[in-house]
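J.: please find the sequence and the predicted model below.
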Amino acid sequence: PEAMDEAAHLLSDIEFAKSAYDAVQDADAMVIITEWDQFRALDFERIKEALSTNIVVDLRNIYSPDDMAARGFKYTSIGRPSI
């Protein structure tokens, strides 16, 4: 979010969102590509309601596979078994 204005000049074909929740609205999956603190404490009930599926791909391994499975997500991370 901090760099969206500058990035918009360089990436004209990208759709930007104000929040993680706006970004996943009706999306087929959520892909986590950053370790920023704001993505470490997401409200997963809200995420589940916003997504059109229950797929989460975590490229930074910030969440526990067992916890994500318990929340009802189909979870994939790097170097760990998919749930």
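T.: Arrived safely, thanks for sending.

J.: how many residues are close by residue 7?
T.: Residue 7: 12 surrounding residues under other C-beta atoms under 10 Å. For glycine as for every other residue, the C-beta is placed from the backbone atoms N, C-alpha and C.

J.: doesn't it fall inside a helix?
T.: Yes - checked against DSSP: H, G, I helix; E, B strand; the rest coil, residue 7 lies within a helix.

J.: OK, contacts around it?
T.: By C-beta atoms under 8 Å, 6 or more residues apart in numbering, the contact set of residue 7 is 14, 16.

J.: how close does it sit to residue 16?
T.: In this view, residue 7 and residue 16 are 7 Å apart by C-beta to C-beta, to the nearest Å.

J.: do residue 62 as well
T.: Residue 62 is 22 Å from residue 16, by C-beta to C-beta.

J.: more crowded one of these two?
T.: It is residue 62, of residue 62 and residue 16, that has more neighbours when counted by other C-beta under 10 Å, with 16 against 13.

J.: so that one sits right up against residue 32, yeah?
T.: Yes - between residue 62 and residue 32 there is a contact at 6.5 Å, judged by C-beta atoms under 8 Å.
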